[in-house]
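Trainee: here is a sequence with its predicted model. Questions after.
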Amino acid sequence: ADLETVATLTRLIEPVVLIGMEEFAHRLTVFGGGRFRRRITQWVEFAGLTLDDTALVCERLSEVEIAPDLVEHVHRKCEANIGRIVIAISRIEAFARTNGLSRVTLEQYGRRRPLYLTENQLKGAA
């Protein structure tokens, strides 16, 4: 939706929830001017996961045990991004299945093995 549509919605219904990605606040200010900023009653930003969060996600979502050293590696390499972490878990699970493992350590998985596809890897696959 364009910003005029959003402006119309804010006059007709409350609340209007806007969800954006990186730079959303900046774009809203630049393209919408002050008229949108003054209508925002609450601003919530989601930060990356903590290491403890990452360990919990790995524990709850993975069908194999992911050793603490690999959890830390996943957290760091995925830059605490939940989407990347979920993809990494699926790759670790596939590695475990292929190798008949019920538990995977960083040494087994390897530091150089990709955890998720980067934007450059996606472009190369197209």
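Mentor: Yep, that arrived. Because the structure is a prediction, the values reported are computed rather than measured.

Trainee: what's near enough to touch Gln108?
Mentor: Contacts for Gln108 (CB atoms under 8 Å, 6 or more residues apart in numbering) come out as 95, 99, 101. (C-beta placed from N, C-alpha, C; glycine too.)

Trainee: and if we set it to 10 Å?
Mentor: For Gln108, the contacting residues are 67, 70, 92, 95-96, 99, 101, by CB atoms under 10 Å, 6 or more residues apart in numbering.

Trainee: are any of these buried, and which?
Mentor: 67, 70, 92, 95-96, 101 (16 or more other CB atoms under 10 Å).

Trainee: and the two most separated of those residues?
Mentor: Ala67 and Phe95 (12.6 Å; CB to CB).

Trainee: intersection of neighbour lists for those two?
Mentor: 104, 108-109.

Trainee: for those, which one is nearest Cys58?
Mentor: Val104 (10.2 Å).

Trainee: surely the closest one is in contact with Phe95?
Mentor: Yes: using CB atoms under 10 Å, Val104 makes contact with Phe95 at a distance of 6.4 Å.

Trainee: now do the shared contacts for the two.
Mentor: By CB under 10 Å, 6+ apart, the residues touching both Val104 and Phe95 are Val64.

Trainee: which residues of this protein fall in helices?
Mentor: 3-12, 24-32, 34-37, 51-61, 68-77, 82-99, 106-109, 119-125 (DSSP state H).

Trainee: tell me the most buried of the ones you listed?
Mentor: helix 68-77 (a mean of 18; mean count of other CB atoms under 10 Å).

Trainee: which secondary structure elements does that helix sit against?
Mentor: helix 51-61, helix 82-99, helix 106-109 (3 or more CB pairs under 10 Å, 6 or more residues apart in numbering; DSSP states H and E).

Trainee: this completes my enquiry, with thanks.
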